[in-house]
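[1] Generate a structure from the sequence data that follows.
(chains A and B)
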Amino acid sequence: MANKGWDEFDAGAILFSFNDKVDNIATTLAEDRPYSPSNSFTASVGDWRIEKPIFNKDYCIDCQFCWIYCPDVSIIARDKKMIGIDFDHCKGCGICVEVCPTNPKSLLMFDEHKDDDECLAGWPEKDEKEK
Amino acid sequence: MADKMDLLDVEVWDGNMAASQAMRQAQIDVVAAYPITPSTPVVENYAGFLANGYIDGEFVMVESEHAAMSGCIGAAAAGGRVATATSSQGFDLMVETLYQASGMRLPIILNVVNRALAAPLNVNGDHSDMYLGRDSGWIQFNAYNAQDAYDLNLIAFRVAEDHKVRLPAMIHQDGFMTSHTAEGVLTLSDDDAYNFIGDYKPMNAMLDFEKPATYGVQTEEDWHFEHKARQHNDLMTKVNPVIQEVFDAFEKETGRKFDFVTNHNLDDADVAIVAMGTTVDTAMLVADQLREEGKKVGVLGLRVIRPFPFEKLAAALSNVKAVCCMDRSAPGGTVGMLYNEICGAMYNSANHPVITGYVYGLGGRDMTVEYLKGIFADGEANAAAGKPTTPLQQFIGVRGPKLNFL
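    Numbers count the residues shown, from 1 in each chain, chains lettered A, B, ... in the order given. Below you'll find the model as predicted:
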């Protein structure tokens, strides 16, 4: 944003997500919404993260728990199918991993700098219940 | 749809009921409140009106005054008409959120029934809580009696919600002296009162789904100063013209005239007492008695505390020779707020009266006719001498050795 002077703001430090009026925003995909520069959609805050969630689609049942629990809308899903993670906005809180109900989990936290393929290669086996 | 209440032309109300009735007539969307003496009846009466079907809005009972103002902020940001009431320690607890409300430019109406601040704990009236709020970026109106409390509530909604203003406003009334003293109050009908305030017109409502807004942003050293400057600019330049418009409209509607300062016989006076709250009414009574004895004395009541009316105050005091400033709050190691502001207003004006300060009435101690006569006598001596004949700060009505400073 340009370095505006004191007289160029909306009173109250109010910011708008969209430059103009929008309609049917709930049915418009994020990448198609006319976000304004003051919306965080275009800003990357991925460098806040020290651990990252890795998604393993082999075990995912598309229950959408991660999507609904993510506090930063960083789970990307389309047509109720889990696709992956928005790493520009994920802060690495690990809530998606915590709520994932599959066995083994379909999301696990790894060191931010670990190679993704290496993470998937070392995925744990199904945890057998003791009989 | 809320029922209407048939009011008599003159109702016997105390200041709390006057505020409650004005709030009812405003048809507020959300009141979030927590009770505290002496303001409790404001929201208690209001809750009663709601329970009896006279109000359509929501009443939210919360766990503290911090939560009360936070609830008001959320509701105002969402896009509704909002008000509440508090006093003293509750006001203290609200302070953090008061700055949030004004910084986000949310037109919340807060009835402050003024009361002393602990320690020691005290439920009676003084202006300590009012003074605590004076840098918070709110508009502050000052009622001298129950009629003012009613009228200024109606005025405050219209001023605060004006899109040129969009700032929260407090209406101050003296704890017990105004809040619990039943007086005759001239009323407006429900329709007339509501039409005077007008429908709430949302601005940048968070729940406007066509243009959703973000409230409560963080601004560091590269943005914060500009936002605070904008708010101060609007307080200094935009608010008072709107207050004047609304005062004029109110006079047209009711015949009751308000001004930024109440000028009681100041034009040919040598001595002025400057005061707030119930002391204004008492000082006017005393000034009238002294006038009958041929003494040229008058009273200035401060009606709008913030934004402080520098020019209007200096103009009203442009002929006096001595000013006695009455501060009902312990200044904590300096001069009183009124003394300070009035010196600031007069220093660069053409008239330079002798200005002295008085600290009085703490914790509900009475300000009597006799005390006021003594203060006018001090002022007359100062006017005759052309310089202070007393210390600049005197404590009035406190037991023990005479307490003077400066």
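[2] From here on, just use CA atoms for contacts and neighbour counts.
    Fine.
[3] beta partners for the residue nearest to B:Ala83 when sequence neighbours are not counted?
    With Cα to Cα, 6 or more residues apart in numbering or on different chains as the criterion, B:Ala83 has its nearest non-adjacent residue at 4.4 Å, and that residue is B:Ile109. Beta-bridge partners recorded for B:Ile109 (DSSP bridges): B:Ala83, B:Ala169.
[4] measure A:Gly46 to A:Ser40 for me?
    Between A:Gly46 and A:Ser40 the computed distance is 12 Å (Cα to Cα, to the nearest Å).
[5] before we move on, back to that, so who does the residue nearest to B:Ala83 touch?
    B:82-84, B:153, B:156-157, B:160, B:168-171 (Cα atoms under 8 Å, 6 or more residues apart in numbering or on different chains).
[6] ok, so what distance separates it from B:Pro41?
    From B:Ile109 to B:Pro41 the distance is 16 Å (Cα to Cα).
[7] what about the residue in the stretch 201-350 of chain B that chain A sits nearest to, helix or strand, and which?
    Using Cα to the nearest Cα, the single residue of the stretch 201-350 of chain B nearest to chain A is B:Glu226, 4.2 Å away. B:Glu226 belongs to helix B:224-237 when assigned by DSSP states H and E.
[8] after that helix comes which helix or strand?
    Scanning forward in sequence from helix B:224-237 by DSSP H and E, the next helix or strand is helix B:239-254.
[9] Check whether that following helix comes near chain A.
    No - Helix B:239-254 does not reach chain A (Cα under 8 Å from any Cα of the partner chain); its nearest approach is 13.5 Å.
[10] same for that helix, what does it pack against?
    helix B:146-161 (3 or more Cα pairs under 8 Å, 6 or more residues apart in numbering or on different chains; DSSP states H and E).
[11] which residue ranges form the helices in the chain?
    Unless you meant another one, I'm taking chain A. Here chain A has its helices, by DSSP state H, at A:65-69, A:95-99, A:116-121.
[12] my question was about chain B
    Residue ranges of the helices in chain B, as given by DSSP H, are B:15-26, B:40-51, B:65-78, B:88-103, B:128-132, B:146-161, B:190-197, B:224-237, B:239-254, B:278-292, B:310-316, B:337-347, B:369-385.
[13] Tell me the spacing between the most centrally placed residue in chain A and A:Asp117.
    Central residue of chain A (Cα atoms, centre = their mean): A:Ser74, 1.1 Å from the mean position. With distances taken as Cα to Cα, A:Ser74 is found 21 Å from A:Asp117.
[14] circling back: format the helices of chain B as TSV; extra columns: mean neighbour count and mean pLDDT.
    Listed next are the helices of chain B as TSV, based on neighbours: other Cα atoms under 10 Å in any protein chain shown; pLDDT from 0 to 100:
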stretch	mean neighbour count	mean pLDDT
helix B:15-26	27	98
helix B:40-51	20	98
helix B:65-78	24	98
helix B:88-103	22	98
helix B:128-132	22	98
helix B:146-161	26	98
helix B:190-197	17	98
helix B:224-237	17	96
helix B:239-254	17	98
helix B:278-292	19	98
helix B:310-316	17	97
helix B:337-347	18	97
helix B:369-385	19	98
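[15] circling back to that earlier point, what residues are shared contacts of A:Gly46 and A:Ser40?
    In contact with both A:Gly46 and A:Ser40: no residue, using Cα under 8 Å, 6+ apart.
[16] How far does stretch A:16-32 stretch from one end to the other?
    17 Å.
[17] One more: stretch A:36-46?
    Start-to-end, stretch A:36-46 (Cα to Cα) is 20 Å.
[18] Outline the domain layout of chain B.
    Domain assignment for chain B, taken from automatic domain parsing, gives B:10-201+B:220-254, B:261-405.
[19] Nearest to A:Ile83, out of those?
    domain B:10-201+B:220-254 (33.6 Å; Cα to Cα).
[20] Quick one: distance of that closest one to the chain centre.
    9 Å (Cα atoms, centre = their mean, to the nearest Å).
[21] got the residues of chain B near chain A?
    So chain B meets chain A at B:102-106, B:204, B:209-217, B:225-227, B:229-231 (Cα under 8 Å from any Cα).
[22] 10 Å instead?
    B:100-106, B:164-167, B:204-206, B:208-219, B:222-231, B:233-234 (Cα under 10 Å from any Cα of the partner chain).
[23] where does chain A dip in pLDDT?
    Scanning chain A with the threshold set as pLDDT under 70 gives A:1-2.
[24] hey, where'd the strands end up in it?
    Taking DSSP state E, the strands of chain A run over residues A:15-16, A:51-55, A:75-78, A:81-85, A:107-111.
[25] I'd like to know which elements the shortest one is packed against.
    Counting contacts by 3 or more Cα pairs under 10 Å, 6 or more residues apart in numbering or on different chains; DSSP states H and E, strand A:15-16 packs against strand B:213-214.
[26] The strand it packs on - contacts with which helices or strands?
    So strand B:213-214, by 3+ Cα pairs under 10 Å, 6+ apart, packs with strand A:15-16, helix B:65-78.
[27] now these in a markdown table, with distance to B:Asp92?
    Converted to a markdown table, these look like this (distance: least, Cα to Cα, whole Å):
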| stretch | distance to B:Asp92 |
| --- | --- |
| strand A:15-16 | 30 |
| helix B:65-78 | 9 |
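[28] Touching, B:Lys402 and B:Phe395? I think so.
    Yes - taking Cα atoms under 10 Å as the definition, B:Lys402 is a contact partner of B:Phe395 at 7.5 Å.
[29] neighbour-wise, which of the two wins?
    Legend: neighbour count by other Cα atoms under 10 Å in any protein chain shown for B:Lys402 and B:Phe395, higher for B:Phe395 (19 against 10).
[30] Need the per-residue pLDDT for that one.
    Per-residue confidence (pLDDT) for B:Phe395: 98.
[31] Surely it is in contact with B:Thr356?
    No - B:Phe395 lies out of contact with B:Thr356 (Cα under 10 Å); the separation is 11.5 Å.
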